[in-house]
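Student: Just need the structure, nothing else, for what follows:
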Amino acid sequence: MLSKRIIPCLDVRNGRLTKGVKFKGNVDIGDPVESAHMYYEEGADEIVFYDITASHEGRNIFLDVVNEVASRIFIPFSVGGGINTLEDMRAVLLAGAEKVSVNSGAVKNPDIISQGAAAFGSQCVVLGMDVKQVEKSEQIPSGYEIVVHGGRKYTGLDAVEWAKTGEALGAGEICLNSIDADGTKDGYELNLTRLIVESVSIPVIASGGAGNPQHMADALTEGKASAALIASIVHYGEYTIPQIKKEIAAQGVKMRMVW
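Tutor: Numbers count the residues shown, from 1 in each chain. I've put the predicted structure just below:
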């Protein structure tokens, strides 16, 4: 069995680390470069960096911050936000990222997934999915809809079908974020996570709602996720990554321990 991963998420706005609840009320909470380095030293398995307003503002990602983070950490590093073309992907990878996460850009132009996979390999391409629960319908049979532009725009895409499409186009991984659970610390959306995991054969990262290590253990077992994304509980110092891994491992979940 592969080890499960714990992945701190750095939401960045105007070059600063920020956090909100359900994509709203974001506040400045520090320096993303220093935070990334601290999580690396604590034993994070990967780091995810999102420039959360790049797509909505129609601009390119903050490559200077990406470059600084990449110079301070030596674990896989995924970057997303405002990536719409193959050239955008190349720029992020040249700035030091190992993976590129496409979300709004992939909805607008799904071919970017296959183009990125052909140019850089599927292992570099992460399909980011921001999802909200809606009423089931003929168009959205799963009851989960893809939203883009930081949760501002509904797409009419069913989350399960979009996950399958992303895999078929060449995505090597899915980062699945429940907007309904985001920042609430009430636990991951396990039904959604399990639905997506069972619909594809590529790894799925659960995101949105982590409040304690038990929530992560649930996402990695009941939700069947390959990894758990975390933010608030480490940003605000409620838990360290070693504490989180120790508690999850105590439940029999295989983790990469570094002490």
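Student: tell me the SS of D130?
Tutor: Here D130 takes the strand state, with states given by DSSP: H, G, I helix; E, B strand; the rest coil.
Student: is it in a bridge, and if so with what?
Tutor: Beta-bridge pairing of D130, defined through DSSP bridges, involves V147, N177.
Student: Tell me how many other residues crowd it.
Tutor: Applying other CB atoms under 10 Å, we find 27 other residues in the vicinity of D130. (Glycine included, C-beta is placed from N, CA and C.)
Student: Could I get the full set of helices for this protein?
Tutor: Remark: helices of the chain, listed N- to C-terminal, are 32-42, 54-57, 63-72, 86-94, 104-108, 111-120, 159-169, 190-199, 213-221, 232-235, 241-249; assignment by DSSP state H.
Student: Apart from its chain neighbours, what residue comes closest to C175?
Tutor: Counting by CB to CB, 6 or more residues apart in numbering, the nearest residue to C175 once its immediate chain neighbours are dropped is I205, at 4.5 Å.
Student: which residues does that neighbour contact?
Tutor: The contact partners of I205, by CB atoms under 8 Å, 6 or more residues apart in numbering, come to 5, 7, 48, 173-176, 225-229.
Student: is it possible to export those to TSV including distance to D111?
Tutor: Listed next are the contacts of I205 as TSV, based on distance: CB to CB, whole Å:
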residue	distance to D111
R5	29
I7	27
V48	24
E173	18
I174	18
C175	20
L176	22
A225	27
S226	26
A227	27
A228	30
L229	26
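Student: give the contact list for the closest residue in space to T221 that isn't next to it in sequence.
Tutor: Take T221 and drop its neighbours on the chain: the residue closest to it by CB to CB, 6+ apart is V253, 6.5 Å away. Contact partners of V253, counting by CB under 8 Å, 6+ apart, are 4, 217, 220-221.
Student: and which of those is nearest P32?
Tutor: Closest approach between those and P32, by CB to CB: K4, at 24.4 Å.
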